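A.B. asks: After the sequence you'll find the predicted model.
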Amino acid sequence: SCGASALLASSRSPAAPSRPPNIVLICADDVGYGDTGCYGASAVRTPNIDRLARGGVRFTDAHAAASTCTPSRFSLLTGEYAFRTPEARILPGDAPALIRPGRPTLASMLQGQGYRTAAVGKWPLGLGSGAIDWNSEIRPGPLDIGFDECFLIPATGDRVPCVYFENRRVANLDPADPITVSYQGPVDDGPTGKTHPQLLRVHPSHGHDNTIINGISRIGFMRGGKAALWDDETIADVITRRATDYIGRNAARPFFLYFATHDIHVPRVPHPRYASSTTMGPRGNAIAQLDDCVGRIIDTLEKRNLFRDTLIVFTSDNGAVVDDGYRDQSVEKLGSHRPNGSIRGGKGSKFEGGTRVPFIAHWPARIKPAVSPALVGHLDLFKSLATLTRASLPAGAAPDGEDVLPALLGESQKGRQFLVEQSGGLSLRDGSWKYIEPAQGPPISVNTNTETGNHPQPQLYDLAADPAEQRNLAAAQPARLEAMAAKLQQIRQRK
């Protein structure tokens with residue numbers, strides 16, 4: 001686009017920085033559109049995230065590609081809609097690597113441009129191939145798809161194995177105490193949340209009743225690896241320290257950090273120092289802890305004189321959910337807080353609350369403060385950052401992404417025209433219009449009390465006039481409905 005050309009021309013001017021910006025991509029977990037101060041929350045203070053919003057571009061219509069974690073992150077890193085890859089769904093903790101070696105990723109593109117690259121935090125994208133032996137080297141993994149180093153939660157906090165994974169191995173593993181993991185059934189006669197609820201300090205509300213680790217029952221079964229087990233209260237501290245150490249080690253060269261926080265996913269067990277941060281219990285306190293982690297990243301960049309020349313993108317993998325499987329008083333203590341703001345639905349929903357997420361781009365050397373209505377998606381970061389770093393992409397890279405760099409930098413209010421939202425079925429955005437395909441299934445998820453958006457009839461909403469998706473215009477606008485249904489089919493078939 002002419003905006004991108006102008007950007008490249010200006011970036012060659014004498015005033016341009018002598019090296020490309022460092023890039024820190026912070027992907028929070030289950031943080032809804034209304035969960036931070038800069039997006040309207042008042043029941044929790046998020047001064048560090050708000051600072052990024054005040055100094056950067058805060059997007060009001062930015063989207064994850066899917067309403068749940070694995071497909072969302074797959075698209076973020078590959079620039080491809082996850083619905084094209086049937087395996088890209090919520091995975092067990094022993095799933096094989098979803099992104100295979102040879103597939104271009106955001107990380108491999110930046111690595112090719114001379115960036116040092118690291119993934120730190122949650123990695124619900126599988127590891128290895130076939131049955132995983134957690135007691136030896138595991139490949140492929142992040143190091144085979146563009147990351148120079150990694151320190152991971154190998155699945156999610158509520159799934160086994162509850163250990164950290166560093167580069168190619170489980171960290172701190174005692175070879176005399178090997179790990180066994182199964183999602184088929186028990187691996188020993190140890191207590192589970194189902195058989196020994198009296199041993200729990202956090203009780204499940206649905207599911208989450210298998211092996212007990214740290215007094216919390218998980219999804220899946222595991223034994224062994226005692227020296228390698230994480231402590232839930234310190235996960236945020238451990239991974240944030242890894243992230244800031246990485247920044248410190250690479251201060252003299254361009255670096256890319258993909259920092260995927262555990263917060264505010266379940267189990268929500270923030271460090272005790274956040275116990276009185278909010279009146280909302282563990283969920284609210286986890287938001288406060290998340291904000292503090294963002295603050296530590298900012299502090300580290302400032303101390304190293306890197307803050308001005310670092311592009312920080314803060315976002316979330318999908319919309320918010322309140323009760324996501326543990327009785328942590330998140331429902332009882334919610335009060336007037338609206339995790340997804342005024343938009344409808346949440347995590348796992350076809351309504352906007354499923355994929356519309358906080359999205360902030362901050363780069364003091366380049367970006368002027370703004371609020372942007374541009375329609376952008378996570379899967380656009382790949383092509384946009386390729387333009388920024390002057391990378392030429394191999395054929396087939398980021399096939400569904402678009403170059404929205406002028407919007408990302410606040411130089412244009414225009415993003416993409418069409419965007420597919422995935423949540424079970426597919427929906428299509430065309431500017432401010434939203435089409436939801438007919439779908440069978442319950443209208444409300446019983447477990448999470450989230451409106452799913454399922455309806456046997458097609459749905460059509462004009463979000464400019466009806467941002468809360470209350471008035472279905474399918475019957476009143478048959479021509480538009482038909483055109484959007486046809487366009488969605490065209491995108492689905494890559495035409």
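C.D. replies: Perfect, thanks for sending it. Residues are numbered from 1 along each chain as shown.

A.B. asks: quick one: contacts for the residue nearest to residue 47 when sequence neighbours are not counted?
C.D. replies: Excluding the flanking residues, the one nearest residue 47 by Cβ to Cβ, 6 or more residues apart in numbering is residue 291, at 6.7 Å. Every residue, glycine included, has its C-beta placed from N, CA and C. Counting by Cβ atoms under 8 Å, 6 or more residues apart in numbering, residue 291 touches 36, 45-49.

A.B. asks: Sketch out the helices for the stretch 1-150 of the chain, chain order is fine.
C.D. replies: Secondary structure of the stretch 1-150 of the chain (DSSP state H, counting those that start in this stretch): helices located at 2-11, 47-55, 69-78, 106-112.

A.B. asks: backbone phi and psi for the residue nearest in space to the middle of the chain, please?
C.D. replies: The centroid of the chain falls nearest to residue 317 when counting by Cα atoms, centre = their mean (2.4 Å). Backbone torsions of residue 317, given as degrees, to the nearest 10, read phi -80, psi -20.

A.B. asks: Distance of it relative to residue 63?
C.D. replies: 11 Å (Cβ to Cβ, to the nearest Å).

A.B. asks: I figured the residue nearest to the centre of the chain was touching residue 28, is that so?
C.D. replies: Yes: with contact defined as Cβ atoms under 8 Å, residue 317 reaches residue 28; the gap is 7.3 Å.

A.B. asks: before we move on, the earlier item: can you give me the pLDDT of the residue nearest to the residue nearest to the centre of the chain when sequence neighbours are not counted?
C.D. replies: Nearest non-adjacent residue to residue 317, counting by Cβ to Cβ, 6+ apart: residue 72, 4.5 Å away. With respect to pLDDT, residue 72 has a value of 98.

A.B. asks: Same check on residue 494?
C.D. replies: For residue 494, pLDDT reads 89.

A.B. asks: Shouldn't it be within a strand?
C.D. replies: No: assessed with DSSP: H, G, I helix; E, B strand; the rest coil, residue 494 is coil; it does not lie in a strand.

A.B. asks: contacting residues around it?
C.D. replies: 84, 399.

A.B. asks: Thought residue 351 was touching residue 469, still the case?
C.D. replies: Yes: using Cβ under 8 Å, residue 469 is in contact with residue 351, at 5.3 Å.

A.B. asks: quick one: which of the two has more around it?
C.D. replies: residue 351 (27 against 22; other Cβ atoms under 10 Å).

A.B. asks: And the closest residue to residue 371 other than its chain neighbours, how far from residue 306?
C.D. replies: Distances taken as Cβ to Cβ, 6+ apart place residue 58 nearest to residue 371, at 5.1 Å, with adjacent residues excluded. Residue 58 sits 22 Å away from residue 306, going by Cβ to Cβ.

A.B. asks: And these two? Which one has more around it.
C.D. replies: Between residue 58 and residue 306, counting by other Cβ under 10 Å, residue 58 is the more crowded of the two (25 against 19).

A.B. asks: Would you map the helices across the stretch 151-300 of the chain?
C.D. replies: So, for the stretch 151-300 of the chain - with DSSP H, counting those that start in this stretch - the helices run 235-249, 282-303.

A.B. asks: most packed of these?
C.D. replies: When you average the neighbours per residue for each of these (mean count of other Cβ atoms under 10 Å), helix 282-303 leads with a mean of 23.

A.B. asks: from the chain's centre, how far out does it sit?
C.D. replies: 16 Å (Cα atoms, centre = their mean, to the nearest Å).

A.B. asks: try stretch 237-256
C.D. replies: On Cα atoms, centre = their mean, the centre of stretch 237-256 falls 19 Å from that of its chain.

A.B. asks: which ones are touching the residue nearest to residue 265 when sequence neighbours are not counted?
C.D. replies: Nearest residue to residue 265, sequence neighbours excluded (Cβ to Cβ, 6+ apart): residue 29, at 4.1 Å. By Cβ under 8 Å, 6+ apart, the contact list for residue 29 reads 69, 122, 260-265, 316-317.
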